[in-house]
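> Let me see the structure of the following:
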Amino acid sequence: MSPEAPLLSRRSFLRTGSAAALGLTVAGCGFLPEDPAAHGDPEAPIDVRVDGDLIYFNWADFVDPAVFKGFEKEYGVKVIQSNFDSMEGMAAKLNAGNRYDLIFPTAKWAERLVSGHRLRRIDHSRLKNADAVFGHYDYFADPWYDKASAHTVPFTMYKTGIGWRKDQIGDNLTGSWDDLWNARAKGKVFVLDDRDEVLGIGALKLGLDLTTADEGDLGRITGTLQSLRPHLRGFSSDSYNNLLNGNAAMTQAWSGDMAAMLGQAKDPSILGFEVAREGAPVNSDCYAIPSNARHPGTAMLFIDYMLRPENVKKNIEYIGYPMPVGGSEDTYAAIVEPFPECLVTAGDLKDDLFFRNGTSRGEQARDTAWTHVKAG
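Down below sits the predicted model:
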């Protein structure tokens, strides 16, 4: 890990998979209606040139500061940063009329933005380095959330598994979500404070669809997860610090946070990470240019700059998350050598392992199930 890497988890308290909390569905998009042509034709090709400073909106600490500095120096612009702490927070800022040149939605939120006509078309042929992504990762050539990746470029990818402390519960687990019920970890288990991730445990354990909204399925999932409650210390998306300080003996964790721990743990050998054989949810963050961006040309230049091999390497080493860029695989593999399960391969990218958007009724049913799980 880079010595500049921040100590805090880059996913701590960030992702809250719940869409229904704001009544957000694909049909409603989660974004206030906007005239698609209010800021010009969003489908028109973007002229790739400096057209102003870059107004950037992302999770905190998801780009190496050295990469920002290099971009600013090369193009004579400033990167003006703002950060969000959830996808709902991002949507609220966009709905309030805030204008950004580059944003970073997760896959399901990218689908909502595309459906709401809130993104500019990105012509891959105008990006010198686009083939490093689309020529090596076929999945992103036509992902479910954005047909032909017409409005997005994938930024990171990651999966969810189980992290644990070997000094507290031993070296080996069974490789199943059942391990969260491990008697040796009772009272020191955390799961993510994330609706979709936690319901996903029950769904995968029971062999059900990852984002099922069937009331019968959700009843079975809720029952399964309620049996986990005696083992839980709590719901927390700060898997990073909980494991490092020993607050958790075991936790549901994002692969990128586990990779980041390797650079901060006094003794990384006491940590373990596994991906359950029943299935591991996968996800992707995306580069996207809002339809009301003032400086879309600079945004295109930044995306292309980020895709240069030397910048991909710097950023992977900084954030601990792999980027789907051909030729970068060895860089990430070296970082996560103790945790090879953190690797995300092209074969891991499967539609049924992504969290998907549902109908309004389905999202409400999932919210109700999540409320029951948290209430115990």
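> Skipping its backbone neighbours, what lies nearest Phe354 in space?
Of all residues not flanking Phe354 in the chain, Ala107 sits nearest, at 5.7 Å (C-beta to C-beta, 6 or more residues apart in numbering). (Each C-beta comes from the backbone N, C-alpha and C, glycine too.)
> Just the pLDDT for that neighbour.
If you check Ala107, the pLDDT there is 96.
> when you give positions from now on, start the count at 38
Taking 38 as the first residue, the last one we looked at is Ala144.
> List the contacts of it.
Residues in contact with Ala144 (C-beta atoms under 8 Å, 6 or more residues apart in numbering) are Pro180, Trp181, Tyr182, Asn320, Ser321, Cys323, Phe391, Phe392.
> For these, which PyMOL command selects only the ones that are buried?
Here is the PyMOL selection string for the buried members of the contacts of Ala144, based on 16 or more other C-beta atoms under 10 Å:
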select buried, resi 180+182+320+321+323+391+392
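> Which ones among the contacts of Ala144 map onto strands?
If you go by DSSP state E, these have Asn320, Ser321, Cys323 in strands.
> For the residues you listed, give me a markdown table that also has pLDDT and distance to Ile353.
Formatted as a markdown table, the ones in strands among the contacts of Ala144 follow (pLDDT from 0 to 100; distance: C-beta to C-beta, whole Å):
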| residue | pLDDT | distance to Ile353 |
| --- | --- | --- |
| Asn320 | 95 | 17 |
| Ser321 | 95 | 15 |
| Cys323 | 98 | 17 |
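> Asp304: which of the residues you listed is nearest?
Nearest to Asp304 among the ones in strands among the contacts of Ala144: Asn320, at 29.7 Å, using C-beta to C-beta.
> List the residues that contact that closest one.
Residues counted as contacts of Asn320 (C-beta under 8 Å, 6+ apart) are Thr143, Ala144, Met194, Tyr195, Lys196, Phe391, Phe392.
> Just put the contacts of Ala144 in TSV and tack on distance to Thr405.
Listed next are these as TSV, based on distance: C-beta to C-beta, whole Å:
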residue	distance to Thr405
Pro180	29
Trp181	26
Tyr182	25
Asn320	23
Ser321	28
Cys323	29
Phe391	22
Phe392	17
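> ok, which pair from the contacts of Ala144 is furthest apart?
The widest separation within the contacts of Ala144 (C-beta to C-beta) is 14.2 Å, between Cys323 and Phe392.
> and the closest residue to Asp175 other than its chain neighbours, what are its phi and psi?
Excluding the flanking residues, the one nearest Asp175 by C-beta to C-beta, 6+ apart is Ala383, at 6.8 Å. In this entry, Ala383 is assigned phi and psi values of phi -60, psi -30 (degrees, to the nearest 10).
> Neighbours of Pro267, how many?
11 (other C-beta atoms under 10 Å).
> measure the closest residue in space to it that isn't next to it in sequence to Ala185 for me?
Leaving aside its chain neighbours, Pro267 sits nearest to Lys223 (6.9 Å; criterion: C-beta to C-beta, 6+ apart). Distance of Lys223 to Ala185, computed by C-beta to C-beta, to the nearest Å: 49 Å.
> re earlier: next, the residue nearest to Phe391: phi, psi?
Main-chain dihedrals, Ala144, degrees, to the nearest 10: phi -60, psi -50.
> Looking at Lys223 and Ala185, which is more packed in?
Lys223 (15 against 12).
> now the helices for the protein?
102-112, 124-132, 144-152, 168-171, 203-206, 232-242, 252-263, 276-281, 292-299, 333-343, 346-356, 366-372, 397-412 (DSSP state H).
> Please tabulate those helices in TSV, including the columns distance to Ser306.
Formatted as TSV, the helices of the chain follow (distance: least, C-beta to C-beta, whole Å):
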stretch	distance to Ser306
helix 102-112	29
helix 124-132	35
helix 144-152	34
helix 168-171	34
helix 203-206	7
helix 232-242	27
helix 252-263	31
helix 276-281	13
helix 292-299	10
helix 333-343	33
helix 346-356	21
helix 366-372	16
helix 397-412	34
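> Among the ones you listed, which comes closest to Glu80?
helix 144-152 (11.5 Å).
> Name the surrounding residues that touch the helix-or-strand element of the chain with minimal mean pLDDT.
The helix or strand of the chain with the poorest confidence is helix 276-281; it has a mean of 87 (mean pLDDT, DSSP states H and E). Helix 276-281 is contacted from outside by 45-46, 48-49, 200-202, 227, 229, 273, 284-285, 288-291, 294-295, 297-298, 301-302, 308, using C-beta under 8 Å, 6+ apart.
> let's go with 7 Å and repeat that
46, 49, 200, 202, 227, 273, 285, 288, 290-291, 294, 297-298, 301-302, 308 (C-beta atoms under 7 Å, 6 or more residues apart in numbering).
> Taking the residues you listed, please make a ChimeraX selection of just the buried ones.
This is the ChimeraX syntax for the buried subset of the contacts of helix 276-281, where burial follows 16+ other C-beta under 10 Å:
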select :46,49,200,202,227,273,285,288,290,291,294,297,298,301,308
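> Inside strands: which ones of the contacts of helix 276-281?
Those of the contacts of helix 276-281 lying in strands (DSSP E): Gly200, Arg202, Phe227, Thr288, Ala290, Trp291, Leu308.
> Now for the residues you listed: which two are most distant?
Farthest pair in the ones in strands among the contacts of helix 276-281, by C-beta to C-beta: Arg202 and Trp291, 17.0 Å.
> All set, thanks.
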